[in-house]
Each structure stands twice: as C-alpha cells, then as structure tokens.
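Student: Quick check, what structure comes out for this input:
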Amino acid sequence: MGPEPTFPIFKEWLDKGYNAEMEFLKNYQDKRENPAGLMEGAKQALIFGLNYYQGDKLNAALQGSGRIAQYARLRDYHKSLKKRGDSIIQELQKLCPDLKARVMVDSAPLLERALANRTNRGFIGKNTLFIHPDKGSMFLLSEILLDHVVLEADTKIPVDGTKRTEAGGCGSCRRCQVFCPTGALDEAYTLDARKCLAYWTIEHRGVIPEKFWPWVRTYLFGCDLCQLACPYNRTHALSKEDVVLKAAEVDPFEIACMTQEYYVATFGGTPVTRAKRSGLRRNGLIALAVLEDPRLEEAIATVMPEDESVLHETILQIRARALSL
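Tutor: Numbers count the residues shown, from 1 in each chain. Sure, this is the predicted structure:
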C-alpha cells in the first residue's frame with residue numbers, strides 16, 4: 001500500500017465544487033491521500049464487493065415513476081459487508097494468527113473506487129464507477145486493511161479506461177453520458193454532484209431546483225440510469241441478497257403522506273433512510289406535481305399542519321410552478 005496516485009484529481013474535483021454541499025468529503029484529506037493511515041501498520045488492502053442488481057432495464061426505468069435505486073432495495077449493506085469482511089478476516093487469521101485487520105464499508109475516508117482500480121481487475125468508466133469487464137459495475141465495494149501481506153501482488157496489466165479492448169475500457173462509448181438526464185456526466189470520467197439526481201434526492205436536505213423535477217418524478221431515491229445504459233451491465237448477474245423492497249416503484253402519494261410508523265415499517269433497515277423521512281416526502285410531493293396527480297392537493301393538506309420547513313418550501317415551489325404553467 002502507498003499514496004493514492006489519483007488523489008490530485010480528487011483534490012481538483014473538490015476545488016471545482018463538484019462535491020456540491022457534501023462537505024464531509026473534504027475531511028481527513030491525509031487519509032484519503034494515503035489509505036495506509038487508516039490503520040497502524042497497514043501493508044495491504046483486500047477489495048471485495050456485493051452484487052445489488054435487481055434486473056432493472058433501461059427502457060422501463062426511463063418510463064417509470066416513483067423508482068427506488070436498486071442498491072437501496074436491499075437490507076443495509078453496511079452490516080452485510082461488515083459481516084462478510086469479518087468472516088474473511090477469521091479465515092485469514094487461521095493462517096496468520098497474529099494478523100490485525102480492519103473492515104471498511106464506505107464510511108471511512110477512503111477513495112475506494114480508486115483503490116479498487118489499483119487491483120487491475122477493472123477500470124474507472126466515464127460514469128466514474130469502477131467497472132469489472134465481466135461483472136459490470138452494480139456492486140458495492142468494501143475493503144479490508146491488513147498489517148501483513150497475505151496475498152501476492154496482482155500481476156495483471158492495468159486497464160486503460162479511455163480505450164476499448166478485450167480487457168475492458170470505455171473507448172468511444174458515451175452511453176452513460178447520453179442517458180444521464182441531468183448532465184452530471186457531461187465531462188467524461190467526472191461526476192458533477194451539483195447536477196446529479198442521486199445527490200438531490202438523497203444527500204440534499206433543502207428544496208430541489210425545479211429544473212431537476214422531471215426526473216425526481218422518475219426516481220424518488222437515487223438513480224440507476226448511467227449504469228443501466230452501460231454495455232458492461234447488459235449481462236450482469238442478478239443479486240442473491242435479501243431484498244426488502246420487492247417492487248422497483250413506490251406510490252409517490254403514499255410517500256408524500258407517510259407517517260413515521262409507515263416510514264420505519266417500509267424503509268427501516270434499508271439505505272433509503274439516508275434521505276430521511278422529510279427528504280422522501282419532499283420527493284413524493286414533487287413527483288405528484290410533475291405527474292399532475294389529482295391526489296396532490298390531498299397530500300398537501302396532509303403535510304401542511306406538520307412542522308417540516310422543507311416540505312412547506314416545496315409546496316410554495318409547487319404553487320409558484322402551477323401559476324407559471
């Protein structure tokens with residue numbers, strides 16, 4: 001292990017403001033630059049993943065409404081990956097009893113896609129995701145830091161993501177850029193979170209600019225379009241993980257009006273809780289407005305008595321939008 005060679009690119013990405021309001025990405029820059037700093041004595045990192053593909057197809061996603069991104073339909077992947085990582089460590093410690101290790105699941109300040117790319121098992125695509133040429137990109141990454149070198153270094157030749165060869169790479173393909181509905185991938189190999197639907201529907205806590213509303217109708221939580229458009233995901237194997245949300249789509253009206261009890265019963269223990277109840281309800285109101293759903297006024301009447309400023313501000317947006325149509 002050693003310093004991440006692509007860290008200057010990440011730093012430039014931050015300097016351009018492409019992280020939107022995700023200020024936490026600016027923290028612990030020393031550890032992002034050198035992952036060895038995340039564990040004393042770290043000498044090697046093992047990378048593994050969890051397949052979350054639910055069988056979604058691009059055309060169905062484009063025509064849908066009230067969709068939940070595929071990864072979020074599973075049980076909380078943090079626990080699943082941590083459990084698997086711990087099992088791997090236990091097996092390794094049978095061979096090396098004094099081995100010390102640490103499992104990390106996206107909460108540590110680690111440039112995990114860049115680290116995965118250093119395995120030479122795949123490449124970073126124009127959609128900025130790590131793509132395995134045979135397995136695609138619809139898997140969640142996790143890492144195990146070790147204070148011993150337990151595996152020989154991979155001798156595979158790095159894949160040049162800018163070229164298209166038998167080993168992988170994007171070449172001239174631009175499908176992810178073409179099908180990104182909001183222009184977040186206009187610059188190849190760079191994601192501008194300020195334009196990313198997943199950012200607005202999950203991470204952002206305030207109101208959503210109206211220019212993104214047509215696609216909030218499609219995806220209430222996250223977005224899969226750049227991955228569903230990718231040729232490397234056409235033969236992606238289905239996930240064998242425990243699925244909590246069986247349907248790809250939910251009713252925006254039910255989401256806009258949901259009680260705390262409904263929220264916990266439906267989404268508890270899944271990644272959907274990252275958006276919080278207020279964020280999901282905001283998204284539901286927007287979807288109803290864009291769909292011109294006749295139940296919109298009933299949803300607004302349900303929301304108005306509640307002390308949720310983001311919902312009240314979204315309703316004001318809806319009223320202003322209706323006057324301008």
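
Student: only C-alpha atoms for contact and neighbour calcs from this point on.
Tutor: Fine.

Student: Tell me how many other residues surround Pro8.
Tutor: 11 (other Cα atoms under 10 Å).

Student: What helix or strand is it located in?
Tutor: Secondary structure assignment for Pro8, by DSSP states H and E: helix 7-15.

Student: Pull out the buried residues from that helix.
Tutor: Buried residues in helix 7-15, counted by 16 or more other Cα atoms under 10 Å: 7, 10, 14.

Student: Please apply the same query to stretch 287-296.
Tutor: So for stretch 287-296, counting by 16+ other Cα under 10 Å, buried means 287-290, 296.

Student: Show residues contacting that stretch.
Tutor: 65-66, 213-214, 216-218, 220, 252-253, 285, 318 (Cα atoms under 8 Å, 6 or more residues apart in numbering).

Student: What of stretch 182-201?
Tutor: Here stretch 182-201 has contacts from 18-20, 124-128, 176-177, 208, 212, 215-216, 220-223, 275, 279-280, 283, using Cα under 8 Å, 6+ apart.

Student: Who are the contact partners of the nearest residue to Arg121 once chain neighbours are set aside?
Tutor: Among residues not flanking Arg121 along the chain, His132 sits closest, at 6.4 Å (Cα to Cα, 6 or more residues apart in numbering). Contact partners of His132, counting by Cα under 8 Å, 6+ apart, are 121-123, 168, 232.

Student: And for Asp186, the neighbour number?
Tutor: Quick note: Asp186 (other Cα under 10 Å) scores 18 neighbours.

Student: where are the low-confidence patches of this structure?
Tutor: Residue ranges of the chain with pLDDT under 70: 153-155.

Student: now the strands for it?
Tutor: Ranges of strands in the chain, per DSSP state E, are 44-51, 67-68, 101-104, 123-124, 130-131, 139-146, 219-221.

Student: okay, those strands, which one's buried deepest?
Tutor: Greatest average neighbour count among those goes to strand 219-221 (a mean of 31), per mean count of other Cα atoms under 10 Å.

Student: partners of that one, with directions?
Tutor: If you go by DSSP bridges, strand 219-221 pairs up with strand 67-68 (parallel).

Student: before we move on, the earlier item: now render the buried residues of helix 7-15 as JSON lines, adding distance to Lys94.
Tutor: Output for the buried residues of helix 7-15, formatted as JSON lines (distance: Cα to Cα, whole Å):
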{"residue": "Phe7", "distance to Lys94": "35"}
{"residue": "Phe10", "distance to Lys94": "38"}
{"residue": "Leu14", "distance to Lys94": "42"}
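
Student: still on that earlier bit, list the ones among the buried residues of stretch 287-296 that fall in helices.
Tutor: Of these, the ones assigned to helices by DSSP state H are 287-290, 296.
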